[in-house]
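> Here is a sequence with its predicted model. Questions after.
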Amino acid sequence: MADTPAPNGNGAAPAEDQSPAINALAQYAKDLSFENPNAPRSLQPQESGPQINIQVNVNAKQLAEADFEVELTLEGDAKINNEVLFAFELNYAGIFRMRNIPQDQLHPAVMIECPRLLFPFARQIIAEAVRNGGFPPLYIDPIDFVGLYRQKAFEAQNQQAGQTGPLAS
């Protein structure tokens, strides 16, 4: 029986994998609220579709050297003629282990890639809550987490510039 060379081709044991990785260690709903304040009147057939408003927020905190808790918050409501049909709030979170990610790319990875991994699960929870409230399921369109990250960075930069501007004392 012939010896099989190690994967690196030189007969030595392979080195520890140094490729960047994001591992989801856990994910969970921290808070879920669904309100149907005008039922059963709100469940009657409507002549027009509702106006749906959705807000998205992402927060993260470091738990250990490589572990982060990332929270994706989705809040929204549906209204017809300023009357609320339903409202919801979901705070969905995950614990992520970040390995071999360069320091300058760590913050974007945590704030973009982690919520991108959480989103499909949060979307399904919202759809089911709305359906269980007596309405057709609400499938939220995909979210541009890169755009959201850039917007937050721009707002933070402007806020910082406003605090240190020429009128600051």
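Received it, and whenever you're ready, just let me know what you need. Numbers count the residues shown, from 1 in each chain.

> Low-confidence bits of this protein, can you list those?
1-16, 162-169 (pLDDT under 70).

> Now do the buried residues in the longest strand seen in it.
Assignment by DSSP state E gives strand 83-99 as the longest strand of the chain. Across strand 83-99, burial judged by 16 or more other CB atoms under 10 Å covers 85-96, 98. C-beta coordinates here come from the backbone N, C-alpha and C atoms, glycine included.

> Specify the local secondary structure of the residue positioned nearest the centre of the chain.
In the chain, the C-alpha nearest the mean C-alpha coordinate belongs to Pro115, at 3.0 Å (CA atoms, centre = their mean). Using DSSP: H, G, I helix; E, B strand; the rest coil, the secondary structure recorded for Pro115 is helix.

> if I look at it, how far off is Leu43?
Distance, Pro115 to Leu43, using CB to CB, to the nearest Å: 32 Å.

> Go ahead and confirm Val84 touches Ala39.
No - between Val84 and Ala39 there is no contact under CB atoms under 8 Å: 10.6 Å.

> where along the protein do the helices fall?
Ranges of helices in the chain, per DSSP state H, are 103-108, 114-132, 145-163.

> The last one relative to helix 114-132, how many degrees between them?
With axes from the mean of the first three to the mean of the last three CA atoms, to 10 degrees as the basis, helix 145-163 and helix 114-132 are set at 110 degrees to each other.
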